[in-house]
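Student: Compute the structure for the input listed below.
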Amino acid sequence: MSVFSEPALEKKLSELSNSQQSVQTLSLWLIHHRKHSKTIVKVWYNELKKAQVSRKLTFLYLANDVIQNSKRKGPEFTQEFSPVIVDAFKHVSSEGDESCHKQLGRVLSIWQERAVYENGILDKLSDVLQVEKKAKKRPYEEIKVNDDDFASQSSPAEPPQTADLIRALQELENAASSDAALRQRISALPPEVQDTTLLHKVTDKESGGRLSRLVEEACMLLADYSGRLAAEIDDRRQLTRTLAVFLQSQRDGLAQNEQKLEEYKRKLARVSQVRKELRSRLSGLPDLSRLPNVTGGHVRLPSSGDLYSPSD
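Tutor: Below you'll find the model as predicted:
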């Protein structure tokens, strides 16, 4: 994945669309650069406030995807988003319409079900939406409950560019599963760090200290490799989804081109028929180009000298 920088993030946020693919692609990029989570959230919040009203909800979709999918790798994003998420909800809600409020409510219901945040924050988010409901004075009969996941409301995924697919495939060439050297190091770990039944060999503090250092190094090595493998799994899942979208776009393009081919075949047949009939018609017409002096505008009549010679 590309190197992280604030300008790069601002550019990616400016290009963020409401498609599921766009949200998930940027989410994976942010999670990959989670060590910059503090900067990421700061830039995200600033760009959210500057975004057009029609795009603000997409920023919250992105935050939701990042918060939920980064939890198994660490709490960085959950912690960094917590101080601004209530204000972000309030900002989006205050500028959004009724449809926007429904989407916010569904995001909140998912967070409540999955205990994404502690009750204090969830209650504040709920209060934001309740205030907006009261301000709109909507009657109960107008409220329609939709149980679909909010992400399903995203517009259809846009077909990826071929260059993006090539880049993603090239990045997987250097993925964790291809790191033979690291796997060799893991395979070479002594059995003592993996088998508790061998702890009886520790007979003094010195040998215990050596084993303790080996165990710590093994834990760090395995934890790091596990994290890299988890990130690779996410990348491969995303690539699978992207390829599915790409293949569908190719099928659609194939079907359209087949229709166009048939259409142009019919046009070619009609033009060929015109050519055939035109040639047939032209073959029966006199060739004016062979008449003498026609192009000059005057035809010279033969004189008597041309008709008779002196010998006659």
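Student: which residues of this protein fall in helices?
Tutor: Here the chain has its helices, by DSSP state H, at 6-14, 20-32, 37-50, 53-70, 76-95, 98-113, 119-136, 162-172, 180-187, 205-283, 304-307.
Student: Dump those helices into a markdown table; add distance to T196 and mean neighbour count as well.
Tutor: (Each C-beta comes from the backbone N, C-alpha and C, glycine too.) Below are the helices of the chain laid out as a markdown table (distance: least, CB to CB, whole Å; neighbours: other CB atoms under 10 Å):
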| stretch | distance to T196 | mean neighbour count |
| --- | --- | --- |
| helix 6-14 | 45 | 15 |
| helix 20-32 | 34 | 21 |
| helix 37-50 | 36 | 18 |
| helix 53-70 | 32 | 20 |
| helix 76-95 | 32 | 19 |
| helix 98-113 | 38 | 17 |
| helix 119-136 | 40 | 15 |
| helix 162-172 | 36 | 12 |
| helix 180-187 | 18 | 10 |
| helix 205-283 | 11 | 12 |
| helix 304-307 | 128 | 8 |
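Student: To D195, which of the ones you listed lies closest?
Tutor: With CB to CB as the measure, helix 205-283 is the member of these nearest D195 (11.4 Å).
Student: quick check: mean pLDDT across the closest one?
Tutor: In this model, helix 205-283 has a mean pLDDT of 84.
Student: on contacts alone, who are the packing partners of it?
Tutor: Applying 3 or more CB pairs under 8 Å, 6 or more residues apart in numbering; DSSP states H and E, one finds that helix 205-283 contacts helix 20-32, helix 162-172, helix 180-187.
Student: need the helices of the chain in TSV with distance to L199, can you?
Tutor: Putting the helices of the chain into TSV (distance: least, CB to CB, whole Å) gives the following:
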stretch	distance to L199
helix 6-14	48
helix 20-32	37
helix 37-50	38
helix 53-70	36
helix 76-95	35
helix 98-113	43
helix 119-136	43
helix 162-172	40
helix 180-187	20
helix 205-283	8
helix 304-307	132
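Student: So which of these is nearest V193?
Tutor: Of all these, helix 205-283 sits nearest to V193, with 4.5 Å by CB to CB.
Student: Tabulate the helices and strands packed on helix 205-283 (a markdown table), appending distance to E232.
Tutor: Output for the helices and strands packed on helix 205-283, formatted as a markdown table (distance: least, CB to CB, whole Å):
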| stretch | distance to E232 |
| --- | --- |
| helix 20-32 | 10 |
| helix 162-172 | 7 |
| helix 180-187 | 12 |
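Student: just flag whichever of those helices has the lowest average confidence.
Tutor: Here the helices and strands packed on helix 205-283 differ in mean pLDDT, and the lowest is helix 162-172 at a mean of 76.
Student: How far away from the center of its chain is it?
Tutor: Distance of helix 162-172 from the chain centroid (CA atoms, centre = their mean, to the nearest Å) equals 12 Å.
Student: and that helix with helix 205-283, angle?
Tutor: 150 degrees (axes from the mean of the first three to the mean of the last three CA atoms, to 10 degrees).
Student: what's in contact with helix 162-172?
Tutor: 1, 178, 232, 235-236, 238-239, 242-243, 246 (CB atoms under 8 Å, 6 or more residues apart in numbering).
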